[in-house]
Structures are given as C-alpha cells and as structure tokens.
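Student: Generate coordinates for the sequence data below:
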Amino acid sequence: MARTDRYMIPANRHRAEETIRRSRFITTLSPARSIENAREFITEVADEFSDATHNCWAYLVGPPGDTSRIGMSDAGEPHATAGRPMLTVLETSEVGDIAAVVTRYYGGIKLGRGGLVRAYSGGVRQALETLELVELVPRATLAVTLSYSSAEILKRALPDHEAEVLNEDYGTEVVLTLRLPVERRHGFEEVVASISNGQAVVRLLSSNDTT
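Tutor: The predicted model follows:
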C-alpha cells in the first residue's frame, strides 16, 4: 500500500494496565516515525521494566495498512502468541506510525496459547481505546515569485488550499514563502499559473515536512 497523504498517529505515549489470572499486563504505546524511533522506544520500555517476565513488542511505521516497515517479537513467550497478535491489532487499528510494548509480570497461573493471544492483543486494543490521536499531514514548502497584483489575488486564495504564509519579501517582485499539504501542491501550482498568466515562478524548498 502506498503512503497516503494524511492519517492518524499517536499524539504522545500512552499506557494501560490490566491483571489477567494474576499476571500483570502493562501496555505502552508510542509514536514511531521511523524504525529507529520504534526500536529506541522498545529499548526504553524494556529497560524501565527490566525485572518483568516478558517485554513483547510490535510496531508499524507508515500509514495504516502499510506492511513494508513492521516488526514484532514474542520476547520469550511461545511462538506467535504475543508479537503477531499485537501487530495484527495495530494493522487493523487505522492508526499509523505506532509502536507497542506489552510488559508481563507472570502471576503463577499459565494462560495457555489462546489465553496469551487474547491477553496480548487485548492489551493493545484496550490501550488504543483511550489513545489520543493527531492527524499527520505531510506538507511542502514553496517559494512563489510573482507580481504585486498577482500576489494580492493569490493571498486571498490561500485558505482554499490550506496554505500558510511563512515569509513575504517585497522587492522588484513579491516572493511568498508558503507551506501547504503535499496533496494540494499540484492543484495550487495550477492556480498560481492561472492567476499570473504563467509568469510566476514556483520553487519547491522542502517536501514531506510533518513538523
């Protein structure tokens, strides 16, 4: 699946906890904008709960449904009873750029394979229910050089393209430095060309900026 222009990501780290047949399960979710981010987060949680029986994890970097950058680990639990169920929940959550660690403190009662699958997947699902989300919108920064009259017309059209003015430079011509969603870039450039009768110059300064 190709990267989409907009999708929901975690706003910050979030934690939920439950006890199942005396075993304590602590689920921690975090934004993960890269594989490196995800692995750093996993290490931090594992260090925080270094005395736990298991620190199982899964991550999905990219938009919901994109499986090109995923990872998972059962961390000592029976094969496919922790990491895979956790990842499956993430993949169907409609949330992107997310990592999850489920920490388990064993309580002395075995849960069985089915019980483990339900516990690990359920922990992630429970944490997702109360996770605060924000929309990720990749943006492009453009420098538009055009006449004074065209600049005034263009500025009135900016809200229609979700464009914000970062800088205005008035010399022989006007140079507007603008930031707008990547998905609107080509349509916006067509409007600029129309307003200026093809005389404006548009330069791409940066793309896919999500800050």
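
Student: just checking, what packs against the one helix or strand A38 maps to?
Tutor: A38 is part of helix 35-48, with elements assigned from DSSP states H and E. Contact here means 3 or more Cβ pairs under 8 Å, 6 or more residues apart in numbering; DSSP states H and E; on that basis helix 35-48 packs against strand 23-31, strand 54-60, strand 70-73, strand 98-105. No exception for glycine: its C-beta is placed from N, CA and C like everyone else's.

Student: which residues touch it?
Tutor: 13, 28, 30-32, 55, 57, 59, 61, 69, 71, 99, 101, 103 (Cβ atoms under 8 Å, 6 or more residues apart in numbering).

Student: What is the nearest of these to K155?
Tutor: Of all the contacts of helix 35-48, the one sitting nearest K155 is P31; the distance, using Cβ to Cβ, is 34.1 Å.

Student: Share the number of residues neighbouring the closest one, please.
Tutor: The tally of other residues near P31 (other Cβ atoms under 10 Å) stands at 20.

Student: Offset the numbering so it begins at 151, please.
Tutor: That works, and once the first residue is 151, the last one we named lands at P181.

Student: show me the contacts for it.
Tutor: Here P181 is in contact with 159-163, 187, 247-249 (Cβ under 8 Å, 6+ apart).

Student: Identify the residue nearest it in space, chain neighbours excluded?
Tutor: Distances taken as Cβ to Cβ, 6 or more residues apart in numbering put P160 closest to P181, at 4.6 Å, once the chain neighbours are dropped.

Student: Burial check on the residue nearest to F199 when sequence neighbours are not counted, number of neighbours?
Tutor: Here the nearest residue to F199 in space, its sequence neighbours aside, is T253; by Cβ to Cβ, 6+ apart that works out to 4.4 Å. Residue crowding around T253 was assessed by other Cβ under 10 Å; the count is 24.

Student: Identify the bridge partners of T253.
Tutor: I176, N205 (DSSP bridges).

Student: now T327
Tutor: Under the criterion used here (DSSP bridges), T327 is bridged to A293, N317.

Student: Wait, it touches L355, no?
Tutor: Yes. Contact between T327 and L355 holds when scored by Cβ atoms under 8 Å: they sit 7.2 Å apart.

Student: Now the phi/psi pair for the closest residue to Y320 other than its chain neighbours, please.
Tutor: Distances taken as Cβ to Cβ, 6+ apart put Y298 closest to Y320, at 7.7 Å, once the chain neighbours are dropped. Dihedral angles of Y298 (phi, psi; degrees, to the nearest 10) stand at phi -60, psi -40.

Student: Give me the pLDDT value at Y298.
Tutor: The per-residue pLDDT reported for Y298 equals 96.

Student: contacting residues around it?
Tutor: 320, 323-324.

Student: Sort out which one of those lies nearest D310 for me.
Tutor: Set against D310, the nearest of the contacts of Y298 by Cβ to Cβ is V324 (19.1 Å).

Student: give me every residue that touches that closest one.
Tutor: In this structure, V324 makes contact with 295-298, 300-301, 318, judged by Cβ under 8 Å, 6+ apart.

Student: Check which residues of the helix holding A188 are buried.
Tutor: Judged by neighbour count using 16 or more other Cβ atoms under 10 Å, the buried positions of helix 185-198 are 187-188, 191-192, 195-196.
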